[in-house]
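Enquirer: I'll drop the sequence and a predicted model, then ask my questions.
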Amino acid sequence: MNIADIKKIDTANGTGVRVSLFVSGCRHCCKDCFNPEAWDFKYGKEYTKQTQDEILEYLKPDYIAGLSLLGGDPLEPENQEEILKLVKRVKEEYPRKKYMVLYRLHNG
(Lines give C-alpha, C1' and ligand atoms only; values in the text may rest on other atoms or scores of the structure.)
Protein backbone atom coordinates (compact mmCIF):
# COMPACT_ATOMS: atom_id res chain seq x y z
CA MET A 1 0.00 0.00 0.00
CA ASN A 2 1.15 3.52 -0.73
CA ILE A 3 0.09 6.67 1.05
CA ALA A 4 -0.51 10.10 -0.40
CA ASP A 5 -0.30 12.05 2.88
CA ILE A 6 -0.67 12.04 6.64
CA LYS A 7 -2.15 15.02 8.44
CA LYS A 8 -1.03 15.01 12.09
CA ILE A 9 -3.69 17.54 13.05
CA ASP A 10 -6.82 17.73 10.92
CA THR A 11 -10.15 19.40 11.69
CA ALA A 12 -11.63 19.15 8.19
CA ASN A 13 -12.09 15.38 7.89
CA GLY A 14 -14.21 14.24 10.79
CA THR A 15 -15.43 15.28 14.20
CA GLY A 16 -12.94 17.00 16.46
CA VAL A 17 -9.18 17.11 16.00
CA ARG A 18 -8.02 14.02 14.15
CA VAL A 19 -5.10 12.33 12.47
CA SER A 20 -5.88 11.71 8.79
CA LEU A 21 -4.29 9.09 6.57
CA PHE A 22 -4.72 9.55 2.82
CA VAL A 23 -4.04 6.27 1.03
CA SER A 24 -3.24 5.89 -2.65
CA GLY A 25 -5.38 4.00 -5.09
CA CYS A 26 -8.95 4.48 -6.26
CA ARG A 27 -10.90 3.05 -9.16
CA HIS A 28 -13.99 5.26 -8.74
CA CYS A 29 -12.36 8.28 -10.47
CA CYS A 30 -15.19 10.60 -9.45
CA LYS A 31 -15.63 13.65 -11.68
CA ASP A 32 -15.23 16.24 -8.89
CA CYS A 33 -12.65 14.37 -6.81
CA PHE A 34 -10.62 16.64 -4.51
CA ASN A 35 -7.62 14.29 -4.63
CA PRO A 36 -7.31 12.81 -8.17
CA GLU A 37 -3.53 12.34 -7.87
CA ALA A 38 -4.29 9.66 -5.27
CA TRP A 39 -6.14 7.51 -7.82
CA ASP A 40 -2.79 5.99 -8.78
CA PHE A 41 -1.95 3.05 -6.48
CA LYS A 42 1.76 3.91 -6.81
CA TYR A 43 1.36 7.58 -5.89
CA GLY A 44 3.19 8.86 -2.81
CA LYS A 45 5.35 6.76 -0.57
CA GLU A 46 5.26 3.20 0.68
CA TYR A 47 3.32 2.48 3.85
CA THR A 48 5.57 0.66 6.32
CA LYS A 49 5.61 -0.48 9.93
CA GLN A 50 7.40 2.79 10.68
CA THR A 51 4.49 4.70 9.10
CA GLN A 52 2.06 2.79 11.30
CA ASP A 53 4.18 3.56 14.38
CA GLU A 54 4.18 7.27 13.47
CA ILE A 55 0.40 7.32 13.11
CA LEU A 56 -0.02 5.69 16.52
CA GLU A 57 2.34 8.27 18.04
CA TYR A 58 0.34 11.10 16.43
CA LEU A 59 -2.82 9.66 18.04
CA LYS A 60 -1.31 9.77 21.53
CA PRO A 61 -2.38 13.26 22.73
CA ASP A 62 -5.69 13.42 24.59
CA TYR A 63 -6.97 16.19 22.31
CA ILE A 64 -6.85 13.87 19.27
CA ALA A 65 -10.35 12.41 18.85
CA GLY A 66 -9.40 9.69 16.40
CA LEU A 67 -8.22 8.60 12.98
CA SER A 68 -9.76 9.42 9.60
CA LEU A 69 -8.98 7.17 6.63
CA LEU A 70 -9.29 8.78 3.20
CA GLY A 71 -7.72 8.57 -0.18
CA GLY A 72 -7.83 7.44 -2.83
CA ASP A 73 -10.04 4.75 -1.37
CA PRO A 74 -8.92 2.98 1.81
CA LEU A 75 -11.34 0.14 1.04
CA GLU A 76 -9.84 -0.85 -2.31
CA PRO A 77 -8.78 -4.52 -2.08
CA GLU A 78 -5.09 -3.58 -2.35
CA ASN A 79 -5.41 -1.36 0.75
CA GLN A 80 -7.63 -3.48 2.98
CA GLU A 81 -5.00 -5.67 4.63
CA GLU A 82 -2.87 -2.79 5.92
CA ILE A 83 -5.90 -0.67 6.84
CA LEU A 84 -7.30 -3.56 8.89
CA LYS A 85 -3.98 -4.01 10.71
CA LEU A 86 -3.87 -0.28 11.48
CA VAL A 87 -7.46 -0.14 12.73
CA LYS A 88 -6.93 -3.19 14.95
CA ARG A 89 -3.83 -1.62 16.46
CA VAL A 90 -5.62 1.69 17.03
CA LYS A 91 -8.48 -0.14 18.78
CA GLU A 92 -5.99 -2.07 20.92
CA GLU A 93 -3.78 0.86 21.94
CA TYR A 94 -6.42 3.61 22.02
CA PRO A 95 -9.80 1.94 22.64
CA ARG A 96 -11.55 5.28 23.28
CA LYS A 97 -10.39 6.89 20.02
CA LYS A 98 -12.75 6.69 17.06
CA TYR A 99 -11.83 5.93 13.48
CA MET A 100 -13.77 6.64 10.33
CA VAL A 101 -13.47 5.88 6.65
CA LEU A 102 -14.36 8.81 4.40
CA TYR A 103 -14.97 8.40 0.72
CA ARG A 104 -17.51 9.48 -1.82
CA LEU A 105 -19.12 7.35 -4.46
CA HIS A 106 -20.30 9.20 -7.51
CA ASN A 107 -22.63 7.93 -10.22
CA GLY A 108 -21.39 10.12 -13.01
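Expert: Structure's in. What do you need?
Enquirer: From here on, just use CA atoms for contacts and neighbour counts.
Expert: Fine.
Enquirer: Do you have the strands of this structure handy? List them.
Expert: Read by DSSP state E, the chain holds these strands, from start to end of the chain: 2-10, 17-23, 45-46, 64-70, 98-101.
Enquirer: okay, these, which one's buried deepest?
Expert: With neighbours defined as mean count of other C-alpha atoms under 10 Å, the strands of the chain peak in mean count at strand 17-23, which reaches a mean of 24.
Enquirer: strand partners of that one, parallel vs antiparallel please.
Expert: In the sheet containing strand 17-23, the strands it pairs with under DSSP bridges are strand 2-10 (antiparallel), strand 64-70 (parallel).
Enquirer: got a list of contacts for the shortest one?
Expert: It stands for strand 64-70. Residues lying outside strand 64-70 but in contact with it, judged by C-alpha atoms under 8 Å, 6 or more residues apart in numbering, are 9, 13-23, 59, 97-103.
Enquirer: repeat that for 6 Å
Expert: Contacts of strand 64-70 from elsewhere in the structure, counted by C-alpha atoms under 6 Å, 6 or more residues apart in numbering, are 16-22, 97-102.
Enquirer: residue contacts, the closest residue to Tyr63 other than its chain neighbours?
Expert: Using C-alpha to C-alpha, 6 or more residues apart in numbering and skipping residues adjacent in sequence, the residue nearest Tyr63 is Val17, 6.7 Å away. Listed by C-alpha under 6 Å, 6+ apart, the contact partners of Val17 are Asp10, Thr11, Ile64, Ala65.
Enquirer: switch to 10 Å and redo it
Expert: Under the criterion of C-alpha atoms under 10 Å, 6 or more residues apart in numbering, the contact list for Val17 reads Lys8, Ile9, Asp10, Thr11, Asp62, Tyr63, Ile64, Ala65, Gly66, Leu67.
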